[in-house]
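[1] Let me see the structure of the following:
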Amino acid sequence: MHYKTHIYEDNIQASRAVAEVILEKSITKSNEGKMLNVALSGGSTPQQLFSLLADEYENLIPWKIINLYWVDERCVPPTDKESNFGMTYDTLLNKSFIPAENIYRIKGEDIPNNEVERYKNLLWKNLPVKNGFPVFDIILLGMGDDGHTASIFPNNLELLNSEYSVAQATHPISGQKRITLTGRTICNAEQILFLICGKSKAFVLKQIINNESDSKQFPAANIGICERIVDFYIDKEAGSLL
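    This next block holds a predicted model:
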């Protein structure tokens with residue numbers, strides 16, 4: 001597996017390390033006169049990152065050259081407390097330094113199949129294409145306690161190898177509908193970053209990083225099939241069993 005782990009004292013330090021990657025890559029792109037295409041994830045861990053970006057990186061990152069997309073979204077309105085976009089808006093996007101025209105959210109309030117088609121076409125239109133899939137510069141991933149990433153859960157591993165770039169998913173417990181990038185879209189990115197914090201992630205993360213025999217039941221473990229290095233930015237609690 002092509003994994004590289006970066007372990008930090010706490011979630012703030014791990015988030016700051018990811019922020020520094022985004023800063024470095026955005027400056028490089030800006031100097032080249034190009035846009036930086038980033039796909040964001042939801043959840044409590046990236047919320048820390050977004051707050052940090054808003055508070056400390058307003059004048060450091062050239063925000064005007066960054067296009068923001070989403071890895072996945074719950075099928076709820078953007079004002080719903082479960083909306084990934086809504087959380088990102090509250091912590092980062094409501095800052096005036098991010099151009100509205102650079103924000104490409106998944107419309108969770110729309111009919112899921114229609115939105116899958118719209119978002120798929122949007123990615124094809126806006127992004128470079130390689131190996132038959134759109135190419136992001138950076139994809140930021142998280143991981144659930146069950147090893148899921150994006151909205152690819154242990155019971156829908158087929159989405160890892162879907163021929164489609166965007167797909168509909170269903171949460172295995174709540175039955176909530178989701179819209180998600182598929183595994184092959186994720187693996188097509190130039191840079192893949194996992195940000196994983198908290199002791200509840202430690203057992204699954206140990207199995208993934210150590211490539212244990214049954215680790216492939218976890219969707220996050222299968223992102224390691226990518227041809228490039230996948231970086232894991234984790235805090236000491238998440239890495240406590242490594």
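[2] Okay, helices next: where are they in this structure?
    All helices of the chain, identified by DSSP state H, fall at 11-31, 44-56, 84-88, 112-126, 183-187, 202-209, 219-222.
[3] Check which helices and strands the second one sits against.
    Right, the one you point to is helix 44-56. Under the contact definition 3 or more C-beta pairs under 8 Å, 6 or more residues apart in numbering; DSSP states H and E, helix 44-56 sits against helix 11-31, helix 84-88, strand 191-196. C-betas here are computed from N, CA, C, even on glycine.
[4] Repeat the analysis, applying 7 Å as the threshold.
    Applying 3 or more C-beta pairs under 7 Å, 6 or more residues apart in numbering; DSSP states H and E, one finds that helix 44-56 contacts helix 11-31, strand 191-196.
[5] circling back: save the helices of the chain as a markdown table, and put in distance to residue 240 too.
    Putting those into a markdown table (distance: least, C-beta to C-beta, whole Å) gives the following:
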| stretch | distance to residue 240 |
| --- | --- |
| helix 11-31 | 13 |
| helix 44-56 | 16 |
| helix 84-88 | 27 |
| helix 112-126 | 37 |
| helix 183-187 | 26 |
| helix 202-209 | 5 |
| helix 219-222 | 17 |
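[6] Residue 102: which of those helices is closest?
    Closest to residue 102 of the helices of the chain is helix 112-126 (C-beta to C-beta; 10.7 Å).
[7] what's the spacing between residue 6 and residue 239?
    9 Å (C-beta to C-beta, to the nearest Å).
[8] if you count what's nearby, which of those two comes out ahead?
    Counted by other C-beta atoms under 10 Å, residue 6 and residue 239 do not tie: residue 239 has more neighbours, with 22 against 17.
[9] State whether the more buried one and residue 8 are indeed in contact, as I suppose.
    No: Residue 239 sits out of contact with residue 8 when judged by C-beta atoms under 7 Å, with a separation of 8.8 Å.
[10] Dihedrals phi and psi, the residue of the chain positioned farthest from its centre?
    Largest separation from the mean C-alpha position in the chain: residue 213, at 25.6 Å (C-alpha atoms, centre = their mean). Dihedral pair for residue 213: phi -60, psi -40, per degrees, to the nearest 10.
[11] roughly how far apart are residue 159 and residue 78?
    According to C-beta to C-beta, residue 159 stands 24 Å off from residue 78.
[12] Could you list the low-pLDDT ranges of this structure?
    Within the chain, the segments meeting pLDDT under 70 span 1, 224-226.
[13] Which one, of the helices of the chain, ends up nearest to residue 155?
    helix 219-222 (9.7 Å).
[14] Report the distance from that closest one to the chain centre.
    Offset of helix 219-222 from its chain centre (C-alpha atoms, centre = their mean, to the nearest Å): 13 Å.
[15] Likewise for stretch 143-160?
    A distance of 13 Å separates the centroid of the chain from that of stretch 143-160, by C-alpha atoms, centre = their mean.
[16] Between the two ends of it, how far is it?
    This stretch, stretch 143-160, spans 15 Å end to end (C-alpha to C-alpha, to the nearest Å).
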